[in-house]
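sequence plus predicted model, see below.
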Protein chains: 2
Amino acid sequence: MSRSSAVSRSAVRDAAPLFAALGDETRLQLVMRLAAEGPASITSLSVNARVSRQAISKHLDVLSDAGLVRSTRRGRERVLDLAPDRLSDAHDYLNRISRMWDQAIGRLKAFVETDEK
Amino acid sequence: MSRSSAVSRSAVRDAAPLFAALGDETRLQLVMRLAAEGPASITSLSVNARVSRQAISKHLDVLSDAGLVRSTRRGRERVLDLAPDRLSDAHDYLNRISRMWDQAIGRLKAFVETDEK
DNA sequence: CTGATATGCAACTCAACGGTTGCATATCTA
DNA sequence: TAGATATGCAACCGTTGAGTTGCATATCAG
């Protein structure tokens, strides 16, 4: 584990696209639905969606590029399913920021208590 | 504290802009820096940045709109600091998705074991 | 084979985003 | 007061993103 207090620049470059992929209402809904109901085809994911099948397809491409979703061919349909590893990547990243924040709070508290300088 | 136990549509509407705000390299870097070094002014955050002071200012507005950052006036400068509550909101949301996924896995396992239909 | 279903591909529109420059305003500080 | 510092505001620009429509292709079911 990286013990440095600074989260490296490469981590930012990795995490930003991940959050960006989650930062769209339609895509977040797709992720949720895959998490709740398991693998599904593009058409089935488009049912009851507020946008066209092609729009859903594009969103799934974005999620796939971000590594959040994987797809396999089955006959004429493409079946998507969630890739939980990337989800925990995002999770881990938020944890790191929270930890940095807690440390900062700790420093502030120590600073106030010792009345240093 | 979260408002609803179910991952509802309103939760999606709440979480998506949050992730969107984190989904930019420059903004993520700002969040990190605030988490690591505590409150800072716009100009100090612009030092060594790859973009102009105005660009940084706009990014801070976005983070502020998302509730991730708060600002207070101090003399002629505006001091920004992190709002950790929203950070844990994002955290909670990812946890909910992970939990849904785990349940789905559980269902799949049960399904296979019982060899039902 | 034929028709229905599932997807892929391409072109296009429109709005939002990230970034810039220029200038105005407010607040210190010497 | 005068100059330097910190920010705000507005206009503008190029790119990307989300969405659409239209059509082509592949696969399944009868």
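Arrived safely, thanks for sending.

can you pull the buried residues of the strand or helix carrying A:E113?
Following DSSP states H and E, one finds A:E113 within helix A:84-114. For helix A:84-114, a neighbour-count test (16 or more other CB atoms under 10 Å in any protein chain shown) marks A:84, A:86-87, A:89-91, A:93-94, A:96-98, A:100-101, A:104 as buried. Backbone N, C-alpha and C define where each C-beta goes, glycine included.

now do the residue nearest to A:S57 when sequence neighbours are not counted, the pLDDT please.
Nearest residue to A:S57 in three dimensions, chain neighbours excluded: A:I42, at 5.5 Å (CB to CB, 6 or more residues apart in numbering or on different chains). pLDDT recorded at A:I42 is 98.

burial measure for A:I42, as a count.
If you count neighbours by other CB atoms under 10 Å in any protein chain shown, A:I42 ends up with 16.

still on that earlier bit, hmm, the helix holding A:E113 in reach of chain B?
Yes. On the criterion CB under 8 Å from any CB of the partner chain, helix A:84-114 is in touch with chain B at A:84, A:87-88, A:90-91, A:94-95, A:97-98, A:100-101, A:104, A:107-108.

cool, and stretch A:20-40?
Yes. Stretch A:20-40 reaches chain B (CB under 8 Å from any CB) through A:20-25, A:28-29, A:31-32, A:35-38.

turn the buried residues of helix A:84-114 into JSON lines, columns for pLDDT.
As requested, the buried residues of helix A:84-114 are exported to JSON lines (pLDDT from 0 to 100):
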{"residue": "A:P84", "pLDDT": "94"}
{"residue": "A:R86", "pLDDT": "95"}
{"residue": "A:L87", "pLDDT": "95"}
{"residue": "A:D89", "pLDDT": "95"}
{"residue": "A:A90", "pLDDT": "96"}
{"residue": "A:H91", "pLDDT": "95"}
{"residue": "A:Y93", "pLDDT": "96"}
{"residue": "A:L94", "pLDDT": "96"}
{"residue": "A:R96", "pLDDT": "95"}
{"residue": "A:I97", "pLDDT": "96"}
{"residue": "A:S98", "pLDDT": "95"}
{"residue": "A:M100", "pLDDT": "94"}
{"residue": "A:W101", "pLDDT": "94"}
{"residue": "A:A104", "pLDDT": "90"}
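
any idea which of those residues is closest to B:H59?
A:I97 (16.1 Å; CB to CB).
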